[in-house]
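Undergrad: Please work out how this folds:
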Amino acid sequence: MAEESEFEELVKKLAIAMQTKKWRLVVAESCTGGWISKVCTDLPGSSAWFDRGFISYSYPAKVDMLHVDSSLLEQQGAVSEAVACQMVHGARQQAGVEVAVAVTGIAGPEGGTADKPVGTVWFAWSIAGQTDNSECLVFTGDRESVRRQTVIHALSGLLQRL
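TA: Numbering: from 1, shown residues only. A predicted model of the protein is given here:
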């Protein structure tokens, strides 16, 4: 499957970049349900650079594990720039590592609105010595396709920033 080899290529490049810097990665995932962590840990030896993953699918998980402000969740919803940024900051702080990525989105098939259609995903990256940054994309396709595209973009974004 072409996507599988793309995951492998991205993760191998990420492993080299992380090990060169002797840095560790933490992942905070909502809509991908652990898929980013899975593809990272599919690579033998990933324990040298992959620290942990938080699957924070629910509002309480985001609050408890990543210290996302509950009032922010109520006001803006989980799929927002502010929540993605708090997720990435909370993950990096909890793990005490140099690199973090967070994703929160609406994979579908339901849950979309006019303002946040199915396929809307917020990404946030935090890397030591850099300003945290975020990005929103709207992917097309079914649930699996949206999640797959999210994993690829999260990993590609890490590589670009490293």
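
Undergrad: separation between the closest residue to V121 other than its chain neighbours and G90?
TA: Leaving aside its chain neighbours, V121 sits nearest to G105 (3.1 Å; criterion: C-beta to C-beta, 6 or more residues apart in numbering). C-beta: built from backbone N, CA, C; applies to glycine. Between G105 and G90 the distance, using C-beta to C-beta, to the nearest Å, works out to 17 Å.

Undergrad: So which of those two has more stuff around it?
TA: G105 (28 against 24; other C-beta atoms under 10 Å).

Undergrad: Phi, psi for that one please.
TA: phi -160, psi -180 (degrees, to the nearest 10).

Undergrad: Next: G96.
TA: When quoted as degrees, to the nearest 10, the phi and psi of G96 stand at phi 70, psi 40.

Undergrad: For it, give me the pLDDT.
TA: Here, the pLDDT recorded for G96 equals 98.

Undergrad: How about the contacts made by L162?
TA: Contact analysis of L162 by C-beta atoms under 8 Å, 6 or more residues apart in numbering lists 14, 17-18, 21, 99, 127.

Undergrad: Now do the strands in the chain.
TA: Listed in chain order, the strands of the chain (DSSP state E) span 25-29, 50-55, 99-105, 120-127, 133-138.
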